[in-house]
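K.L.:
Just the structure for this:
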Amino acid sequence: MRILHTADWHLGKIVNEFSMLALQEEYLKELVTQTKKLELDALIVAGDLYDRAIPPKEAVSLANRVFTKLTQEVGIPVLVIAGNHDSNERIEYGAELLASSDLYIEGTTKEAVRKVTIKDSHFYLVPYDDHRNIRGVLKDETIRTPEDALKAQLSQVQEDWDPDAINILLYHGFIINQSTDQVLEESDSERALNVGTVDFVPAELVEAFDYVALGHLHKAQKVKSDFIRYSGSPLKYSKSEANHWKQNLLVEVSKEGVQVDPIEIQPSKDLRVVRGLFEDILKETSEDYLFFELEDQEYILDAMNRLRRNYPYAMGLEYIHHKKQEQLDVYHSKEHLETKSSQSLFADFYEQHRGIPLNDDQQQAVVETFEEIEAEEKM
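P.N.:
Down below sits the predicted model:
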């Protein structure tokens, strides 16, 4: 079975007031071109097709055009599940009719996990859903966490499990390796799956599958084994993703094992972080999406507007030294404040706002000034 694993398209995404739709359309156009050459058996979108529950009409139109080309022009089956950014019900509209055209979209939890058979392979589609809703659908009061929910759903899969077939799981969620200290990398643009609950699922729960196509985390990474993988998002959607290597995963699955070959995605506009002094940065120009980290000690008047003359897609700006200082614990408790001298408090205040500590001459000047003030108060 030869598949292309993608996820987290987030069609309609807006990053720092810039629409990503043109770049997304560019990516999907190239995706269609690639699929014509790859001789695929199927293409997977493992959740977060859209960026929000009610996507803009342009995003829906783009998805419609791409899915039509993939299924009709290229002639490959496409399997899509809902992610936590999608509306489960809306994304599933017309799913039964679309299945006749090899477009399989699973948005809502059913009493039985949907199985799609392509050639000699079984694809099990498990869309994102709140575990409390899954508890209601399955009428299982023992479900208290996402782990309980997936365990209950997969127990049904086992009832008609064919060990001789290739079995592939599509899942949108947070799967971790509990047996090691492996830390999966998250991104700022990922929305928390649950509030106030444990939202992860142990990888051991899905190890019976020949391949597990995951969505949710925006960095491409594997979990415990080569066959449990996040493809990551196709584009960079936050500053925290600036160093990500975005890719689609070309996956060859057989009963003998899995071979995964990343295919790099190279958009016409990158999302980068530029660090340096303001005047040095102004000497260059770029059409990329940029976050600036200024090393200047002083604030620059109208800095962002001036930068946008050279960098029209500037997304954000921060002062590195000021940020570091803001992270210092300069806000002391009342009891701590009472133990510090006026000179020490002034030194903290100066360092917080200037980003540098007082030098020796300045410290001496502060001491003398406060001594004069105290002397006047005693008169």
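K.L.:
just the strands in the stretch 251-379 of the chain please.
P.N.:
Under the criterion DSSP state E, counting those that start in this stretch, strands of the stretch 251-379 of the chain are mapped to 257-264, 271-276, 289-294, 314-319.
K.L.:
which parts of the first one are buried?
P.N.:
Residues of strand 257-264 classed as buried by neighbour count (16 or more other C-beta atoms under 10 Å): 258, 260. The way it works is simple: take the backbone N, C-alpha and C, and place the C-beta from them, glycine included.
K.L.:
got the contact list for it?
P.N.:
Contacts of strand 257-264 with the rest of the structure, by C-beta atoms under 8 Å, 6 or more residues apart in numbering, involve 4, 34, 210-211, 220, 226-227, 229, 245-252.
K.L.:
Quick one: which of those has the lowest pLDDT value?
P.N.:
Among these, residue 226 has the lowest pLDDT, at 91.
K.L.:
And that residue, how far from residue 257?
P.N.:
8 Å (C-beta to C-beta, to the nearest Å).
K.L.:
Tell me the spacing between residue 308 and residue 322.
P.N.:
Remark: distance between residue 308 and residue 322 (C-beta to C-beta) = 21 Å.
K.L.:
How far away from the center of its chain is stretch 106-119?
P.N.:
Here stretch 106-119 is found 25 Å from its chain centre; the criterion is C-alpha atoms, centre = their mean, to the nearest Å.
K.L.:
who's more crowded, residue 308 and residue 322?
P.N.:
residue 322 (18 against 12; other C-beta atoms under 10 Å).
K.L.:
so how many other residues sit close to the closest residue to residue 186 other than its chain neighbours?
P.N.:
Once flanking residues are discounted, residue 186 sits nearest to residue 217: 6.1 Å by C-beta to C-beta, 6 or more residues apart in numbering. For residue 217, the neighbour count with other C-beta under 10 Å is 22.
K.L.:
Surely residue 217 is in contact with residue 174?
P.N.:
Yes. With contact defined as C-beta atoms under 8 Å, residue 217 reaches residue 174; the gap is 7.4 Å.
K.L.:
what helix or strand does the residue nearest to residue 186 sit in?
P.N.:
For residue 217, there is no host helix or strand (DSSP states H and E).
K.L.:
hmm, back to that, take the strands of the stretch 251-379 of the chain and write them to TSV, including mean pLDDT.
P.N.:
Shown next, in TSV, are the strands of the stretch 251-379 of the chain (pLDDT from 0 to 100):
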stretch	mean pLDDT
strand 257-264	95
strand 271-276	96
strand 289-294	96
strand 314-319	94
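K.L.:
What's the separation between the residue nearest to the spatial centre of the chain and residue 243?
P.N.:
By C-alpha atoms, centre = their mean, the chain has its centre lying nearest to residue 218, at 3.4 Å. Applying C-beta to C-beta, the value for residue 218 to residue 243 is 12 Å.
K.L.:
same deal with residue 74?
P.N.:
Distance of residue 74 to residue 243, given as C-beta to C-beta: 32 Å.
K.L.:
Which one of the two is surrounded by more residues?
P.N.:
Between residue 74 and residue 243, counting by other C-beta under 10 Å, residue 74 is the more crowded of the two (18 against 11).
K.L.:
Give me the neighbour count for the closest residue to that one other than its chain neighbours.
P.N.:
In space, and not counting its chain neighbours, residue 74 is closest to residue 35: 5.0 Å by C-beta to C-beta, 6+ apart. Using other C-beta under 10 Å, residue 35 has 20 other residues around it.
K.L.:
right, and residue 31 touches residue 250 too?
P.N.:
No. Contact between residue 31 and residue 250 fails when scored by C-beta under 8 Å: they sit 12.0 Å apart.
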